[in-house]
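Enquirer: Here is a sequence together with a model predicted from it:
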Amino acid sequence: MPEGSASPPTRRVVEIVSLLAASGEPISVAGIAARLGIARATATAILVELNAAGWVIRDQARGYGIAPALAGLHGTMLPNGVGEILAALAARTGSGATFSRIEPDGLTVLDVRHGVDRVVPGIPVGHRIPLQFPAGASVMPWRSASEQNTWLGTAAGADRRIAGSLLTLVRDRSVAVFRPRADDAGLVDLLADLLGAVGSELLQPHLRARALHQLAALTSRPFTRAELDSDDPLPLSYLAAPVFDAAGNAAYEIQLGPLRAATTKSERAEFISATLATASDVTAVLAAGRHNG
């Protein structure tokens, strides 16, 4: 939940509606609670009210989805199949995966799937963050020059020297790969384990937000070209690959978060391959939606 929310209960309603709107299939109460990191009883109470208002509908398998009335207000939802593709990535790698829309001024999370190797209470569906370096690096090489310049201008200090080369590298490899600094790798591992062990319901919202902000700051050093090709074991935070919409614009991003203190070259290659394959599959779904529409 965003730090400083004026009404945490209202924010939970927004998160549940956003999750259901972004999903291509109904989700059970247990699934909603797990993905958003809230108590099952809380999710149930909210869904009962949303169902009574006609905003959500429950199917025979007790899964919830957006009701037609609210769907008309919401607009275009994620195409069928995107959620399954993202879930397959999480299952294949054991790591959490997200699907986000990248706009000129912000990144909005549309779907989140947790991995089995490490479950970290992270950014919820519907959460929006400013588009500042390095967020959105995977799509930026395909954006306009003005958007690139604005994005590059958000890089500060030492990051200014690497932001430009990162765009070139991402255009060449179609993937952005990030790591902690060498002396932060152990701290990242510890912080991720602590967040996963505590759980979002037991951590006060402002403390969770601070911890996640610190984790993001520790894990956002881009891989260089030499590191991508290195045979050495290296820490790996997360990867991101662009997804192109029906018009061919780099409008979305697939992000995978292994959060590993050390990975071999072959392990990194598998994470990269899985992320790129997922981005390609989702791009194909979006293109199919254009042809079928």
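Expert: In hand now; what should we look at?
Enquirer: Dig out what the residue lying closest to residue 112 once chain neighbours are set aside forms beta bridges with.
Expert: Nearest non-adjacent residue to residue 112, counting by C-beta to C-beta, 6 or more residues apart in numbering: residue 98, 5.1 Å away. Every C-beta, even on glycine, is put in place using the N, C-alpha and C of the backbone. Taking DSSP bridges as the rule, residue 98 bridges to residue 112, residue 255.
Enquirer: Pull the contacting residues for residue 98.
Expert: 86, 109, 111-113, 122-123, 254-255, 257 (C-beta atoms under 8 Å, 6 or more residues apart in numbering).
Enquirer: Could you do residue 160 as well?
Expert: Per C-beta under 8 Å, 6+ apart, neighbours of residue 160: residue 152.
Enquirer: Which residue lies nearest the spatial centre of the chain?
Expert: Compute the mean C-alpha point of the chain, and by C-alpha atoms, centre = their mean the closest residue is residue 98, 2.8 Å away.
Enquirer: three-state assignment of residue 102?
Expert: strand (DSSP: H, G, I helix; E, B strand; the rest coil).
Enquirer: how close does it get to residue 252?
Expert: 6 Å (C-beta to C-beta, to the nearest Å).
Enquirer: How about residue 221?
Expert: Residue 221 is 24 Å from residue 252, by C-beta to C-beta.
Enquirer: what about these two, which has more around it?
Expert: Taking other C-beta atoms under 10 Å, residue 221 and residue 252 do not tie; residue 252 has more neighbours (25 against 20).
Enquirer: Surely the more buried one is within a strand?
Expert: Yes. With three-state DSSP as the criterion, residue 252 is part of a strand.
Enquirer: Can you pull out the low-pLDDT segments for the stretch 51-200 of the chain?
Expert: Flagging of the stretch 51-200 of the chain using pLDDT under 70 yields the residue ranges 68-78, 118-127, 181-200.
Enquirer: residue ranges for the helices of it, please.
Expert: Along the stretch 51-200 of the chain, counting by DSSP state H, counting those that start in this stretch, helices occupy 68-74, 82-93, 145-152, 159-173, 185-198.
Enquirer: Would you mind measuring from residue 90 to residue 36?
Expert: Residue 90 is 16 Å from residue 36, by C-beta to C-beta.
Enquirer: again but with residue 144, I slipped
Expert: For residue 144, the distance to residue 36 - C-beta to C-beta - is 34 Å.
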